[in-house]
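Colleague: just coords:
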C-alpha cells in the first residue's frame, strides 16, 4: 500500500478556505487519503503561527488537530513595541516553510507520496528535490492562490481543492459574509482556525 505524509500550510489553507466558501474538516482529509486514494497515512503535520494573546481561540482548534492525528508545528507571532503582533510579519511564514521542508526531508523514508496543502511558490525546490529522490509529490491548493512555478514543477499532480468539497468539507460550519469581510483584513500569518 502506498504511504503518504501530509503537510498542511495553515496560513495558506486559511485563506484558501475563505476563497472556497467552506472549511476543511481535517479529520475527513486524513480519511480521504485512506478511503478514496487507497493510501496509508504515515504522518500528518499542520504548521501555523500562533498569537500568544489569542491563546484561547487557537487552543480549541489545535486540540482538534492533535486529536485528529496531526503533529502540530507552531511558531509564535513576533510582537511590536506594544506587545501586539505587527501588521507585516513575514518571518513566521518563512520559518514555517523551512520547518515544513525540514520535516519532509527528515521523514523521507516514511512515505512514498508527499501531499502538500499549499500554493506557496517557496515549495518549488523541495518538490524538485523530493522528485529527484523518486517521491511522488501532490499539491492540494486553490488554483487562484497557487504560484505559477509550483504548478509548473508539480504538473499533473496538482489537485484543485474545489474538487474535494464533497469529501473534506466541514458540514457543521460555513463561513458567512460578515466573517469573510472581517477575515479579509486579517494578516497573512494567521492560521486556519475554522
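Modeller: Nice, thanks for sending it over. What you see is a predicted model; the values in this text were computed from it and never measured.

Colleague: please make it C-alpha for all contacts and neighbour counts, starting now.
Modeller: OK.

Colleague: what are the contacting residues of the lengthiest strand in the chain?
Modeller: Among all segments of the chain classified by DSSP state E, the strand with the greatest residue count is strand 40-50. By C-alpha atoms under 8 Å, 6 or more residues apart in numbering, the residues outside strand 40-50 that reach it are 1-11, 30, 33-34, 58, 65, 69-77, 92-93, 96, 100, 110-111, 189-191.

Colleague: mark which of those are buried, thanks.
Modeller: The neighbour-count test (16 or more other C-alpha atoms under 10 Å) marks 3-11, 30, 33-34, 58, 65, 70-71, 73-75, 77, 92-93, 96, 100, 110-111, 189-191 as buried among the contacts of strand 40-50.

Colleague: any low-confidence regions in the chain?
Modeller: Within the chain, the ranges that satisfy pLDDT under 70 run 54-55, 78-94, 173-194.

Colleague: doesn't residue 119 fall inside a strand?
Modeller: No: per DSSP: H, G, I helix; E, B strand; the rest coil, residue 119 lies outside any strand segment and is coil.

Colleague: I figured it hits residue 141, correct?
Modeller: Yes: taking C-alpha atoms under 8 Å as the definition, residue 119 is a contact partner of residue 141 at 5.4 Å.

Colleague: please enumerate residues in contact with the longest helix along the chain?
Modeller: In the chain, with assignment by DSSP state H, the single longest helix is helix 91-106. Helix 91-106 has contacts (C-alpha under 8 Å, 6+ apart) with 7, 9, 11, 47-49, 73-78, 114, 122-123, 126, 130, 189.

Colleague: I am finished for the moment; much appreciated.
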